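**Student:** quick one, what's the 3D model for this:
(chains A and B)
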Amino acid sequence: MRDRESANRKARDLLRMAVAKARLLGPVAPLTFEPKRSCLIVGGGVAGMVSALSVAEMGFEVNLVEKAGELGGTARRILNTLNGQDVQAYLDALTGTVREHPLIRVHLDAEVIESRGYVGDFTSKIAVRGDGKITEVGHGATIIATGAVEAKPQEYLYGQDSRVLTLLELERDVAAGNTRVCGVQTAVMIQCVGSRDDERRLCSRVCCSQSLRSALKLRELNPQMDIYVLYRDMMSYGLMEDRYREAAEKGVKFIRYELADKPRVTAVEEEGRSVLRVMVRESALDRLHMIDADVVALAVGVVAGQDNREVSRLFKVPLDEDGFFLEAHMKLRPVDFATDGIFLCGTAHYPKHLSDTIAQAQAAAGKAAAILCKKKIETGVEVAFVNAEECIGCGICELLCPFKAIEVVSIDQGDRAHVISASCKGCGVCSSHCPRRAIGMHSFGDDQILTQITAMATGKVEQYA
Amino acid sequence: MPEREGSEPSLVCFCCHWCSYSGADLAGVSRMQYPANIRIVRVMCSGRVEPYFVVQAFLHGLDGVLILGCHPGDCHYLTGNYEARNMVAATRRLLDCVGIDNRRLVLDWVSAAEGTRFAEIVTKFTNEVKTLGTLGAAKPTDVAAVNFRLKAAIAAAQGEKLRWVVAKQTEFATKGNRYGEVFSRHELDRMLDGIVADEVMAQQILALLNEEPASVKEVAASLKLPPPQVLRSMLALRRKGLVTLSGVQGSSPMYKRRNVERF
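**Tutor:** Reported below is the predicted structural model:
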């Protein structure tokens, strides 16, 4: 490893193999058809709504499927951004526009239960909970925007003591002006709860700025309050660094701890006052701090939705190790899936800020519209084909094909297999099993595969016959 | 397989387009380190990789074949990876008949997100093959014998009978055969054992008779197989019209290959 000579040899071989295959490639007849000028969007949060609106504004019909009873998703629980923008006002306006748009059909309390087809020509079934009504829709593109959820913490007395909250719960109480949060002496926020450890390695990106926002808000409501933020790394992305400085200047105390020595929270009685005692070792000075808090807020981070696995199976798109959806290529193909015609945006992809979500939703909408606006789509070129001279019509291919894309038909010479090119997805299972070796594959034929093996074994590309 | 100097094994890895090829790509993008012995051949589905490709790779002198597909249940083509599993079961038996250690063929699953797993599997496989040694390092006579049997295995892998039975495994295990008899995995395995051995033997006999007529005894001696088994196979080949009597030498009937146009 890190062996330049072998790596070089490998690179030369791979190139040789590619050349060997390329010289055997033949022209393929593309399948040309007009795309269905409609888009299916799964998830009615900010990502789903922004992309729905963008696609609809470009003049295409949209079916927007939301599993909850109202649009908005997680953003419903966020009051404003760190820059002070009013999220709820934005959300209400967005929801209103989406609901009133003539080209957007919103399906609430609904989920997609079946989806098939390929780029330009998908068909999906949407089921509404309750009345069980099933609608079948045709669509040329699909956008997955199923969002993510706030993690449920397992530590720091969460669930056992009502004074321990998650950041979103804190935000809810602050908005309601709840005195048990706003009127107290001391508040502590703990960052990276259940995150960036061996079990869940990801950074949720949004919690640091969310804590800053809550700290500044509490400071504004109650200037006498002592506010502590216990952190491992403060990641105030981009220009939000200014807000971190502001918080520090306004007396919010930041204390750094190490993963190996996490803070401890216990409920105790102190001079007749019931408090949450937080013990934390400040890692730079190696000094143990004791804070008696009235409320503890946990930055629990973002985890992938439970439904992602189901959605992933339904649309045949992959998930990453954390259960978020995986783009075709993290650098070269943003918002694309490996499957053509299906796109991704919002926190279904990875935890991100609202502004990033909106930008990504517009990107996904752009990619979807690029398909929907085409006069003709060319696809499905790498399919199977039958050599009728060799075929004996045994029907094994028909038995094995998962897409019913090959069938035995009677012709003058007897029974012969026939490929339905529009349904064939080119997996090659028929070809690898045909007893007569009568089925060829465009681009993945026996000779095209074996010539690569010959090329790597001999170090030579055979002369063109 | 050509004779080769050196101890570095040469390995081919078939990756399906949707999961494992993306996983390999992720390993590369993430700059993970793994041995450079492997060469990847992309196929759309692991269910495309037939036994014929694998034995052909060994005939070309490669030391190991790794087939990677989507995790069970995640196949982009619904069931292609299960077919890959069926085919590998048959291929392992072919390798057993040839006398190639079947640890040189590995089927495993890598999802598009599992760059780390890809690197681990490749590293483990490369090390495993390194311990087994390169195939071409054997004595030239052994190499010739293995090559002879590999060619027979290739002919068997291209033959209708073996392909038919491999293709029918899923149906036999779920819906049953024409008479509705459903077979257990164990029964299917035994059936495969028998058919693979029969087919490879028959192809070896045909290859020998291609050179010159021979008696059952002579064939059995040169294949190092019990004469009764060879006789049974010879008679079956005769019934199919693939061999014919060429005369009698002493008290032994001599058989020769009959070249027939197929169908």
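**Student:** please, which helix or strand holds the residue nearest to B:Gly247 when sequence neighbours are not counted?
**Tutor:** In this structure, B:Gly247 finds its nearest non-sequential neighbour in B:Met254, 5.2 Å apart by Cβ to Cβ, 6 or more residues apart in numbering or on different chains. (Each C-beta comes from the backbone N, C-alpha and C, glycine too.) Using DSSP states H and E, B:Met254 sits in strand B:252-257.
**Student:** identify the residues contacting that strand?
**Tutor:** With contact meaning Cβ atoms under 8 Å, 6 or more residues apart in numbering or on different chains, strand B:252-257 is reached by B:206, B:209-210, B:212-219, B:234, B:238, B:242-248.
**Student:** taking the stretch 51-200 of chain A, what residue is nearest to chain B?
**Tutor:** Here the stretch 51-200 of chain A gets closest to chain B at one residue, A:Arg116, 10.8 Å apart by Cβ to the nearest Cβ.
**Student:** that residue and A:Phe315: what is the separation?
**Tutor:** 10 Å (Cβ to Cβ, to the nearest Å).
**Student:** could you check which of these two is surrounded by more residues?
**Tutor:** Each of A:Arg116 and A:Phe315 has its neighbours counted (other Cβ atoms under 10 Å in any protein chain shown); A:Phe315 has more, 20 against 14.
**Student:** residues in contact with A:Arg416?
**Tutor:** Neighbours of A:Arg416 in contact, by Cβ under 8 Å, 6+ apart: A:Val386, A:Ala388, A:Cys391, A:Gly393, A:Val408, A:Val409, A:Ser410.
**Student:** for the stretch 51-200 of chain B, which segments are assigned as helices?
**Tutor:** Counting by DSSP state H, counting those that start in this stretch, the stretch 51-200 of chain B has helices at residues B:51-59, B:80-98, B:115-132, B:140-158, B:160-174, B:185-211.
**Student:** got it, and the stretch 151-300 of chain A?
**Tutor:** Listed in chain order, the helices found in the stretch 151-300 of chain A under DSSP H, counting those that start in this stretch are A:167-175, A:179-182, A:207-221, A:241-249.
**Student:** need the winner for burial among the ones you listed.
**Tutor:** Of all the helices of the stretch 151-300 of chain A, helix A:207-221 has the most neighbours on average by mean count of other Cβ atoms under 10 Å in any protein chain shown, namely a mean of 21.
**Student:** and that one with helix A:241-249, angle?
**Tutor:** Orientation check (axes from the mean of the first three to the mean of the last three Cα atoms, to 10 degrees): helix A:207-221 against helix A:241-249 gives 50 degrees.
**Student:** CA-only coordinates of helix A:207-221, as PDB, when you get a sec.
**Tutor:** Provided in PDB are the C-alpha atoms of helix A:207-221 (Å, rounded to 0.1, in the frame of the first residue of the first chain):
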ATOM      1  CA  CYS A 207     -26.700  22.500  16.900                       C
ATOM      2  CA  CYS A 208     -23.900  25.000  17.700                       C
ATOM      3  CA  SER A 209     -25.600  27.900  16.000                       C
ATOM      4  CA  GLN A 210     -28.900  26.700  17.500                       C
ATOM      5  CA  SER A 211     -27.400  26.900  21.000                       C
ATOM      6  CA  LEU A 212     -26.000  30.300  20.300                       C
ATOM      7  CA  ARG A 213     -29.400  31.500  19.200                       C
ATOM      8  CA  SER A 214     -31.100  30.100  22.300                       C
ATOM      9  CA  ALA A 215     -28.300  31.600  24.600                       C
ATOM     10  CA  LEU A 216     -28.700  35.000  23.000                       C
ATOM     11  CA  LYS A 217     -32.500  34.900  23.200                       C
ATOM     12  CA  LEU A 218     -32.400  33.900  26.900                       C
ATOM     13  CA  ARG A 219     -29.800  36.600  27.600                       C
ATOM     14  CA  GLU A 220     -32.200  39.100  26.000                       C
ATOM     15  CA  LEU A 221     -35.200  38.000  27.900                       C
END
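**Student:** summarise which helices and strands that helix is packed against.
**Tutor:** Applying 3 or more Cβ pairs under 8 Å, 6 or more residues apart in numbering or on different chains; DSSP states H and E, we find helix A:207-221 packed against helix A:167-175, helix A:179-182, strand A:186-190, strand A:226-231, helix A:241-249.
**Student:** just put those in a markdown table and tack on distance to chain B and mean pLDDT.
**Tutor:** What follows is the helices and strands packed on helix A:207-221, written out as a markdown table (distance: least, Cβ to the nearest Cβ, whole Å; pLDDT from 0 to 100):
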| stretch | distance to chain B | mean pLDDT |
| --- | --- | --- |
| helix A:167-175 | 28 | 88 |
| helix A:179-182 | 39 | 82 |
| strand A:186-190 | 29 | 94 |
| strand A:226-231 | 27 | 94 |
| helix A:241-249 | 28 | 92 |
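**Student:** check contacts around the residue sitting nearest the centre point of chain B.
**Tutor:** Nearest to the geometric centre of chain B sits B:Thr91, at 3.3 Å (Cα atoms, centre = their mean). If you count contacts by Cβ under 8 Å, 6+ apart, B:Thr91 has them with B:Pro51, B:Val54, B:Val55, B:Leu105, B:Ala157.
**Student:** please redo it, this time with the cut-off set to 7 Å
**Tutor:** Residues near B:Thr91 by Cβ atoms under 7 Å, 6 or more residues apart in numbering or on different chains: B:Pro51, B:Val54, B:Leu105.
**Student:** rewinding a little: in JSON lines: the helices and strands packed on helix A:207-221, plus distance to B:Cys75.
**Tutor:** Below are the helices and strands packed on helix A:207-221 laid out as JSON lines (distance: least, Cβ to Cβ, whole Å):
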{"stretch": "helix A:167-175", "distance to B:Cys75": "38"}
{"stretch": "helix A:179-182", "distance to B:Cys75": "50"}
{"stretch": "strand A:186-190", "distance to B:Cys75": "43"}
{"stretch": "strand A:226-231", "distance to B:Cys75": "44"}
{"stretch": "helix A:241-249", "distance to B:Cys75": "47"}
